[in-house]
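predicted model follows, preceded by the sequence.
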Amino acid sequence: MKKILTLTGIATILLVACQSKTTSTADIIASSDLKEIKAKRISLLAEIQSLETAISKLDTVKKLALVSTSKIKATDFYHTFEVQGNVETKQNILIQPEFSGNLKELLVKEGQKVTKGQIIAIIDDAGLKSQLAQAQASADLSQTTFDRQKRLWDQKIGSEIQFLQSKANYLAGKNQVAQLQAQLDKVNVRAPFSGVIDEIITEEGSLVSPGTTPIARIVNLNNMTITAQIPETYITSVNEGKMVKAFFPVLNTSTETKITQAGNFINPASRNFRVEMNVPKNVDAKPNMTVKLHINDYHNEKAFLIPQSIISENEDNKEYIYTIQRKGKSAIAKRTFVEIGKTQGDEIEILSGLSAGDEIIVEGARSVKDNQEVSIIK
């Protein structure tokens, strides 16, 4: 550096000395002689170029690319993919009446817990009880007649036709009573299973009929499941018993569950198959809630992982990175072709091309060239 400063100083003295013997630059500019000004400019540029050439020959300090490195080591690698699931319950239905008539009375309210078989509503019977009473009286009379005819027939008294006719009347009356009782029981709308009344749909006084006017929605939240559609490419790695990480965005809750059923049917339209798993008891999930499922499909106990950002590609579509080759105190960047595997986040698996202990360039990987000497940041 001292040589450079000395040379620069000598050049400056010579330039000043030369200018003292000739017309100064200021005088030439003041003369407004364009030809002389251009000639002076050419002379000064030549002198500057000469000085720069001399400086470059004497400057022995190398300007090396600055990089940071990392050594390759094997790590336990789990690859997962994400799909969206949906919370479902198989016990989520609309309670339909089995009898037509006016909704006489609602015995439950929204949010109320009910048990299986509990009466939740009563429909007006429209005189069905009176019909049943008349049918019962007629059936009782038929039974009395039959009992008498049977006693007589057992004593060989009376005709056989009278006995058979009384028996037929008795059985017909008995069947009619049973039918009316079954029909009358339908005016009582019962809960098909234990659960919670989620919604009252039809108010008291409304006309209801089977299949057209649901009365209420009942939901059982005790046995809910998560279902998801999985692409067919994962059919060999996603099976019953596999653990799954489930994240409920609305609840901001993560948990683990297990696949309880993996479908054997590939949907020809979507090329997906269905999986099902239970919702853990500690999660307050609701039907139709969305879930993000992270499912493991690959595991390598001794994987080499590197940042995806340092991988480049040549004109033959081959991936490469830069490794460090040590030569004494020097560090040389070497282009190294690699075979890549699966990615996870910002990292990618290297299947071949690297060995444990290899030193790779991380920061500065995009600014170096093959066989270039670099300076490694400690």
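Received the coordinates, thanks.

give me the element the residue nearest to T25 when sequence neighbours are not counted is part of.
Among residues not flanking T25 along the chain, K40 sits closest, at 6.2 Å (Cβ to Cβ, 6 or more residues apart in numbering). The way it works is simple: take the backbone N, C-alpha and C, and place the C-beta from them, glycine included. In the assignment (DSSP states H and E), K40 maps to helix 34-58.

now do the closest residue to I119 other than its chain neighbours against A133, distance only.
Distances taken as Cβ to Cβ, 6+ apart place N188 nearest to I119, at 4.8 Å, with adjacent residues excluded. Separation of N188 from A133 (Cβ to Cβ, to the nearest Å): 18 Å.

ok, these two, which is more surrounded?
When N188 and A133 are compared for neighbours, N188 comes out ahead with 17 against 12, by other Cβ atoms under 10 Å.

which residues does that one contact?
The contact partners of N188, by Cβ atoms under 8 Å, 6 or more residues apart in numbering, come to I119, A121, I122, I123.

the first one against R190, yeah?
I take that to be I119. Yes - I119 lies in contact with R190 (Cβ atoms under 8 Å); the separation is 5.6 Å.

hey, what's in contact with both of these two?
Shared contacts of I119 and R190 (Cβ under 8 Å, 6+ apart): none.

filter the contacts of N188 down to the buried ones, ChimeraX style.
For anyone working in ChimeraX, the buried entries among the contacts of N188, judged by 16 or more other Cβ atoms under 10 Å, can be selected with:
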select :121,122,123
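
and of the contacts of N188, the nearest to K318?
Nearest to K318 among the contacts of N188, counting by Cβ to Cβ, is A121 at 72.9 Å.

what sits closest to that closest one if chain neighbours are left out?
In this structure, A121 finds its nearest non-sequential neighbour in V189, 4.1 Å apart by Cβ to Cβ, 6+ apart.

residues in contact with that neighbour?
Residues in contact with V189 (Cβ under 8 Å, 6+ apart) are I95, P97, E98, I119, I120, A121, I122, I123, I215.

just T69 next, same as before
Per Cβ under 8 Å, 6+ apart, neighbours of T69: I324, E359, I360, I361, V362, I376.

could these go into JSON lines alongside pLDDT, distance to D198 and neighbour count?
Formatted as JSON lines, the contacts of T69 follow (pLDDT from 0 to 100; distance: Cβ to Cβ, whole Å; neighbours: other Cβ atoms under 10 Å):
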{"residue": "I324", "pLDDT": "92", "distance to D198": "65", "neighbour count": "19"}
{"residue": "E359", "pLDDT": "94", "distance to D198": "63", "neighbour count": "16"}
{"residue": "I360", "pLDDT": "94", "distance to D198": "58", "neighbour count": "22"}
{"residue": "I361", "pLDDT": "93", "distance to D198": "60", "neighbour count": "25"}
{"residue": "V362", "pLDDT": "93", "distance to D198": "56", "neighbour count": "17"}
{"residue": "I376", "pLDDT": "88", "distance to D198": "65", "neighbour count": "16"}
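
of the residues you listed, closest to S309?
Nearest to S309 out of the contacts of T69 is V362 (Cβ to Cβ; 8.6 Å).

measure that closest one to L44 for me?
From V362 to L44 the distance is 47 Å (Cβ to Cβ).

among the contacts of V189, which ones are in strands?
Those of the contacts of V189 mapping onto strands are I95, I119, I120, A121, I122, I123, per DSSP state E.

nearest to K113 among those?
Closest approach to K113 among those (Cβ to Cβ): I120, at 11.5 Å.

and the closest one, how far from R151?
On the measure of Cβ to Cβ, I120 and R151 end up 48 Å apart.

so for the two, which sits in the more crowded spot?
I120 (21 against 11).

and that one, how far is that from I259?
36 Å.

again with I215
Taking Cβ to Cβ, one finds I215 at 37 Å from I259.

could you do Q162 as well?
Q162 sits 72 Å away from I259, going by Cβ to Cβ.

mind checking which of those two has more residues around it?
Comparing Q162 with I259 by other Cβ under 10 Å, the one with more neighbours is I259, at 21 against 14.

ok so the more buried one is a strand residue?
Yes - according to DSSP: H, G, I helix; E, B strand; the rest coil, I259 belongs to a strand.

can I assume it is in contact with R274?
No - with contact taken as Cβ under 8 Å, I259 and R274 are classed as non-touching, separated by 10.7 Å.

hang on, the earlier thing: and the contacts of V189 as CSV, adding pLDDT and distance to T227?
Formatted as CSV, these follow (pLDDT from 0 to 100; distance: Cβ to Cβ, whole Å):
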residue, pLDDT, distance to T227
I95, 91, 24
P97, 92, 31
E98, 89, 31
I119, 93, 33
I120, 91, 29
A121, 92, 32
I122, 92, 37
I123, 90, 36
I215, 92, 28
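
now, which of these sits nearest E313?
I95 (62.3 Å).

that closest one and R217 touch, don't they?
Yes - with contact defined as Cβ under 8 Å, I95 counts as touching R217 (7.3 Å).

identify the residues contacting A228.
V83, Q84, G85, N86, R274, V275, V291, L293.
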